[in-house]
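Trainee: Have a look; sequence and predicted model below, questions after that.
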Amino acid sequence: MELARGMATQEHLEGLVLKLETVTPLSEEERRLLLGLPLSVRRFEAYRDIVSEGERTKQCCLVIEGLVCRYKLVANGERQILSLHIPGDIPDLHSLHIEEMDHSLGTLTAATVGFIPHEAVRNVTRASYRVSEAFWREALIDAAIFREWMVGIGRRSATSRIAHFLCEFVTKMKAIGLSDGVTCDLPMTQPEIADALGLSTVHTNKKLRELRQAKLVRIRANRVTVMDWDGLCELGEFDPRYLHLRK
Amino acid sequence: MARYFFHTHDGDKSDLDDDGVDLPDDQSAKDAAKELLAVMNREKLPNGNFLALSVTVRNSNGAQIYVATLKLEGS
């Protein structure tokens, strides 16, 4: 069940500002506009749909806390996780312009999500061309991440795919201050990692063990620790330029 | 759900599964073993014309419930 939760709206929106600023520097005025967005905050349990495929939405979802994914189910019941979203992300920013969801958005952990009416987002983008550009850039980087995942699922070996996925996740978490670049929470089960990478659970389990035995990475109790960053990047052919982070 | 362990051998090296994977039943574990053989085959195939791959599945009591072998001879 979703629970209403009242907290200072501005505090929740700071995550959005922080995330946008990892790519685009913002002025005081631009920050003020973003922090003034109306937000209704809801708490979701793990494994709940926030927005389901086919729904028409009038609001964007800001991830405030927790891990959220976009996914599609295929006829045999299998799931492909399309992308992962961490605090500060607006995973359905595209709904501003294409209202009918062609995939679902759901929680992988308990999550706090803020809903921002489309009209309010439009007003902010009309008021500031630079905020509009920052959102546009978010959508483009989102597409760049999809391209990397496509290359991985289509062409990289399973081991390389997992290594790339771990490098990307730690890099994104570090950018918003939730990782020191070595270790961070990774609240995903092996079946979930498998669904993100187009692998079977048994195969994922085997390859994660190989990465551990090669002393590249350790995953324990929903936490990933990179033991050899350069080695993991090399194996995953990970070059963070596609994330377009400022630092 | 029950935990199953998938020990593999790919002609060069053995991999002992000390983590295990939770699956609904023995049949799912057998299917998963066959699927694993298929992907091991894809991963090893470019390296030669002779290949013998095997997967042994054990349950949480250590009992062997299934063995699958895949052999390739190219000429």
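Mentor: Received the coordinates, thanks. Numbering: from 1, shown residues only, chains lettered A, B, ... in the order given.

Trainee: Which parts of chain B are helices?
Mentor: B:26-44 (DSSP state H).

Trainee: would you list every one of the strands in it?
Mentor: B:2-9, B:14-15, B:21-23, B:50-59, B:64-73 (DSSP state E).

Trainee: Number of residues surrounding the residue of chain B found nearest chain A?
Mentor: Closest residue of chain B to chain A, C-beta to the nearest C-beta: residue B:32 (4.6 Å). To be clear about C-beta, it is placed using only N, CA and C from the backbone, and glycine gets the same treatment. Look at residue B:32: counted by other C-beta atoms under 10 Å in any protein chain shown, it has 22 neighbours.

Trainee: Looking at the residue most central in space within chain A now. What's its pLDDT?
Mentor: The centroid of chain A falls nearest to residue A:85 when counting by C-alpha atoms, centre = their mean (1.8 Å). Listed pLDDT for residue A:85 reads 98.

Trainee: Next secondary structure after the lowest-mean-pLDDT helix or strand in chain A?
Mentor: Lowest by mean pLDDT, DSSP states H and E among the helices and strands of chain A is strand A:3-4, with a mean of 42. Later in the chain than strand A:3-4, the nearest helix or strand by DSSP states H and E is helix A:9-21.

Trainee: neighbouring contacts of that following helix?
Mentor: Helix A:9-21 is contacted from outside by A:26, A:31, A:34-39, A:41, A:62-64, A:87-90, A:112, A:114, A:134-135, A:138, A:175-177, A:246, using C-beta atoms under 8 Å, 6 or more residues apart in numbering or on different chains.

Trainee: Which of those residues fall in strands?
Mentor: Those of the contacts of helix A:9-21 lying in strands (DSSP E): A:41, A:62-64, A:112, A:114.

Trainee: Around chain A, which positions in chain B sit nearby?
Mentor: B:6, B:8, B:15, B:17-21, B:23, B:32-33, B:35-36, B:39, B:43 (C-beta under 8 Å from any C-beta of the partner chain).

Trainee: Let's see that with 6 Å instead.
Mentor: B:6, B:19, B:21, B:32, B:35-36, B:39 (C-beta under 6 Å from any C-beta of the partner chain).
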